[in-house]
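[1] Below are the sequence and a predicted model for it; my questions follow.
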Amino acid sequence: ELGGVLEPYDLLFDNAVEAYYKQDWLSVILNMERALRNKGTVRKVKAQCRLSCANLTAFQHSEPGSPVPLPGAGPVQDLGFFQRVLKRAKCVDRCEAEKLGPPSVHKVSDEVELEFKKRTPYNYLQVAYFKINKLDKAVAAANTFYVANPDHVEMRQNLEYYSLMAGVQEADFKDLEARPHMAEFLEGKRLYSADDFLSSIGHFEASLEEYFTADAECRALCEGAYDYDGYNYMEYNADLFQSITGKQQTAFSFFVFSTFVMSVSYHYLFVLNCKQNCAVELASTPGREQPFEDFLPSHLNYLQFSYYNSEQYEKAIECAKTFLLFHPDDEVMKQNLAYYSAVLGEEKAAAIPAREIVQQYIKNSLLEKELLYFGYEIFGITFVDPDTWTPEEIMPKKLRDKQKADRETAARITEEIGNLMKEIETLVEEKTKESSDIAQVLKDGMSKSTPTPDGSLVFDGITISMTSKALNGSQRVVLDGVITEDECRELHRLSNTAAQKGDGYRGKPSPHSPSEMFQGVTILKALKLGQEGVLPLKSARLFFDISEKVRKVVESYFSLQSPLYFSYSHLVCRSAIEEKQEARDDLSHPVHVDNCLLISELNECIKEPPAYTHRDYSAILYLNDDFEGGDFIFTELDAKTITAVVKPQCGRIVAFGAGKENPHGVRAVMKGQRCAVALWFTLDPRHNEKERIQAEELLKMLSSPLDAEFQKTEEDSSEETASEKASVMPDGGKTATTEETKTPAEERASKTAEEKTDTDADTKTESKDKQPEATAPEKAKAKTATKTKPAGKAKTKKKEAEKTEAKTADKKKKPAAKKTVKASSKKTESKQPKAKSSKSDSLKKKEEL
Ligand SMILES: O=C(O)CCC(=O)C(=O)O
Ligand SMILES: [Fe+3]
């Protein structure tokens, strides 16, 4: 496609969009795919041109790939530098024109560029493929778009919808734009987290290799920015250059010359800055707000540990040493290296060098940084170093001092704002208390129905027993009479039947206290058991209906202006383990806050994952009181000072804002079983509980048995029916002409109405999207627990290391120590935030399921 015949991809994009509105799906696909391909080609050609031109006009006095010292360092008469910069620019222009046609053809507007960046083409493609019933491609396109637009609600729903469809496979959910190094890295990380170290090695190594390729390309593309605002910078400079070299040295030409030097240098600094930013660019992946921290070094960290676990000590040493090039003072890594060296033999270890390519990379990058800082001093261009590993000395002292002062100022301002916020909070709290006083007054004067503070009705038979005021806080309430004795009994029974069926607390019977047994069941699970006949379907439905009732009550009581959505719901029982009650001083559920990580030592609550930050309100509906202990408590942020106690009893709910104003916990259950329906709500529709939607679907299906029968037979027959089904779809390509265009969302809506969930697809999703929030921490914990293997391994190696025994006595434990680092790095991606992750680690244990 070279030789100037490459169709401009903005034109193709426009064609595709036009075709979309004409519902010419094939043409959408044809044009959009070509647009994507051509865009890729343009990028590749540009990179190639820049790379080859750079080689052609290499600056002799420097090593290949390393930056050129700025003019000013050498004699002013040396125009070679500028000559080469200009020659390179000309070379690039010629090369690109030759391969892509004149710039006017392959240059696209910023708007179109942005559309591609946002992966918009895949949104169009997704619809088009869906319309012509190419499901696998539709899914891949949808997924590719979604990866870059994780907040796109419609696309998420499309994906959920696709995942329910027959014939769609897990493997169809591809990211067609994934960059090789990132794909490898993520896969490596996945395997690493699964303790499959041997397999992760290959991926991290591949990622490293691809990284340097991508880095070279990224840097090459930086060279090209010779055109600013449509004004050819280099041409201008070339003219200037002519006027200097062609004329006698006069005062005037000296002036012209300085201007020239300045502008080329200025430009060159921009190029360098762009190159430095490749580190950020390569560490970023769409869908992640932040780039991976310390991305390149983290490869070597992962690798050293994977190699160690695969008993490849030479490699482990090589990687540890290479990592230390970035962070020479990293204590853990130094200890690891010492340990590996002791195992392998010091002499042998000493002979292993760090990786050359990384050494080169660092050297080069540091030079660039120095130049950029130099540029800062001369031109005042700010350079923000993207790397965390840069040695302090690289930054000029003046700048360092200035930054330090800036940081201090910022800290002071933050503190002042914090104080101000606290004051405001107290004010607001007082106001809230006042208004709940009014509620209290209203309550006293109320008969059967329950008016809320704003005067609206909740439900008959429900009473407000304690308001925020009585509970010494804000956004708190205790309501009674929410459900009847009979309903309590029925749900209690449901929980125990479900638990007997083996649906424990995800294999972890005592997530919060070793003295208690926990069992939980979700609504969907209950419905499935109902469908299987294990428990009465009626009870499962009750569970569903009651949770909805609680949602309405909470919404109404707190006078919320926008609807509450379920974030997670389950029925959970805690039973005292009889023989483990002596000398017990723990809580059944440690004090925590539902939507942030409580750091009681600091009286702080950090609203960051792994906390479920989207949770806005919580409600616990109690089912019984025939047990000892188990009081619900509200505390201050210190997790110690108890501000209110709520005794569970049938039909009572305690509802509260899920934020830092409401730290709470559960006192030890010393005897018997305490059951409750725990519900968390969110105001953010994007976090609407998936399982609940599935439960709703299932309920609808179960309540129309005829329908279900029909579904079963349809499902039972083979392939044929699948394609038949496809043709029933809004337009399976066959009925395209009669159907008006619907967006995939509309398709979805109409489909859900006409084609109910089939059992097959349903089980599929059930196993796939079980509350990820709930499983993750459990899994991580379980893993740490089983991780005792390295000690054994270290022992078998003991004999060899015997000689070094004395010296390495404390190092012996190193791998174990490293284990903890590793385990925590799992959550925080890199080893760096050690301190932070160990904190959140212990906090995580406090988090509820
Ligand atoms: O069961 C209770 O009373 C409270 C449970 C709780 O706070 C939680 O699971 O987050
Ligand atoms: Fe809680």
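    Cool, got the structure. Ligands and ions are numbered 1, 2, ... in the order given.
[2] Identify the residue of the stretch 1-150 of the chain closest to ligand 1, quick one.
    Ligand 1 sits closest to residue 150 of the stretch 1-150 of the chain, with a gap of 26.1 Å, by Cβ to the nearest ligand atom. Every residue, glycine included, has its C-beta placed from N, CA and C.
[3] hang on, that residue in a strand?
    No - read with DSSP: H, G, I helix; E, B strand; the rest coil, residue 150 is coil and lies in no strand.
[4] any idea how far it is from residue 156?
    Plainly put, residue 150 is 8 Å away from residue 156 if you go by Cβ to Cβ, to the nearest Å.
[5] out of those two, which sits in the busier spot?
    residue 156 (16 against 13; other Cβ atoms under 10 Å).
[6] who's in contact with the more buried one?
    146, 150, 686 (Cβ atoms under 8 Å, 6 or more residues apart in numbering).
[7] max-length strand in this structure?
    strand 669-682 (DSSP state E).
[8] For that strand, name the packing helices and strands.
    Applying 3 or more Cβ pairs under 8 Å, 6 or more residues apart in numbering; DSSP states H and E, we find strand 669-682 packed against helix 485-500, helix 537-557, strand 565-576, strand 617-622, strand 627-629.
[9] which neighbours does the last one have in its sheet, and in what orientation?
    Right, strand 627-629. Strand 627-629 has the following strand partners under DSSP bridges: strand 669-682 (antiparallel).
[10] Among the helices and strands packed on strand 669-682, single out whichever gets nearest to residue 291.
    Closest of the helices and strands packed on strand 669-682 to residue 291 is strand 565-576, at 28.4 Å (criterion: Cβ to Cβ).
[11] if we can go back for a sec, kindly reformat the helices and strands packed on strand 669-682 as a markdown table containing mean neighbour count, mean pLDDT and distance to ligand 1.
    Listed next are those as a markdown table, based on neighbours: other Cβ atoms under 10 Å; pLDDT from 0 to 100; distance: least, Cβ to the nearest ligand atom, whole Å:
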| stretch | mean neighbour count | mean pLDDT | distance to ligand 1 |
| --- | --- | --- | --- |
| helix 485-500 | 19 | 88 | 13 |
| helix 537-557 | 20 | 92 | 14 |
| strand 565-576 | 24 | 90 | 7 |
| strand 617-622 | 25 | 97 | 4 |
| strand 627-629 | 17 | 94 | 12 |
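[12] any chance of those in a markdown table, with distance to residue 189 too?
    Below are those laid out as a markdown table (distance: least, Cβ to Cβ, whole Å):
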| stretch | distance to residue 189 |
| --- | --- |
| helix 485-500 | 35 |
| helix 537-557 | 36 |
| strand 565-576 | 26 |
| strand 617-622 | 33 |
| strand 627-629 | 42 |
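[13] Next, the contact list for the closest residue to residue 666 other than its chain neighbours, please.
    Spatial nearest neighbour of residue 666, excluding adjacent residues (Cβ to Cβ, 6 or more residues apart in numbering): residue 589 at 3.8 Å. Neighbouring residues of residue 589 by Cβ under 8 Å, 6+ apart: 512-513, 574, 665-666, 848.
[14] okay, residue 589: pLDDT?
    The model reports residue 589 with a pLDDT of 90.
[15] buried sites along stretch 677-691?
    Residues 677-683, 687, 689-691 are the ones in stretch 677-691 that count as buried (16 or more other Cβ atoms under 10 Å).
[16] Among those residues, find me the one that's closest to ligand 1.
    Taking those together and measuring to ligand 1 by Cβ to the nearest ligand atom, the closest member is residue 678, at 4.9 Å.
[17] in the sheet, who's paired with the closest one?
    Residue 678 forms beta bridges with residue 570, residue 620, as assigned by DSSP bridges.
[18] Verify the contact between it and residue 567 for me.
    No - between residue 678 and residue 567 there is no contact under Cβ atoms under 8 Å: 11.0 Å.
[19] quick revisit: now rank the contacts of residue 589 by neighbours and give me the top one.
    Busiest of the contacts of residue 589 [other Cβ under 10 Å] is residue 574, holding 28 neighbours.
[20] just checking, what packs against the longest helix belonging to the chain?
    Secondary structure of the chain read by DSSP state H shows that its longest helix is helix 397-444. Where contact means 3+ Cβ pairs under 8 Å, 6+ apart, helix 397-444 is packed against helix 356-379, strand 463-466.
[21] Grab the nearest non-local neighbour of residue 544.
    residue 523 (5.3 Å).
[22] now the angle from the longest strand of the chain to strand 617-622?
    Orientation note: strand 669-682 sits at an angle of 140 degrees relative to strand 617-622 (axes from the mean of the first three to the mean of the last three Cα atoms, to 10 degrees).
[23] tell me the angle strand 669-682 makes with strand 565-576.
    170 degrees.
[24] got the CA positions of strand 669-682 in PDB?
    Provided in PDB are the C-alpha atoms of strand 669-682 (Å, rounded to 0.1, in the frame of the first residue of the first chain):
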ATOM      1  CA  VAL A 669     -21.100 -13.900  69.200                       C
ATOM      2  CA  MET A 670     -20.500 -16.100  72.200                       C
ATOM      3  CA  LYS A 671     -23.300 -18.600  71.900                       C
ATOM      4  CA  GLY A 672     -25.800 -19.500  69.200                       C
ATOM      5  CA  GLN A 673     -26.200 -18.100  65.700                       C
ATOM      6  CA  ARG A 674     -26.800 -14.500  64.600                       C
ATOM      7  CA  CYS A 675     -28.400 -14.000  61.200                       C
ATOM      8  CA  ALA A 676     -28.800 -10.800  59.200                       C
ATOM      9  CA  VAL A 677     -29.500  -9.600  55.700                       C
ATOM     10  CA  ALA A 678     -26.600  -7.200  54.900                       C
ATOM     11  CA  LEU A 679     -27.300  -4.800  52.200                       C
ATOM     12  CA  TRP A 680     -25.100  -2.100  50.700                       C
ATOM     13  CA  PHE A 681     -26.400   0.600  48.400                       C
ATOM     14  CA  THR A 682     -24.900   3.000  45.900                       C
END
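[25] Sweet, I'm off.
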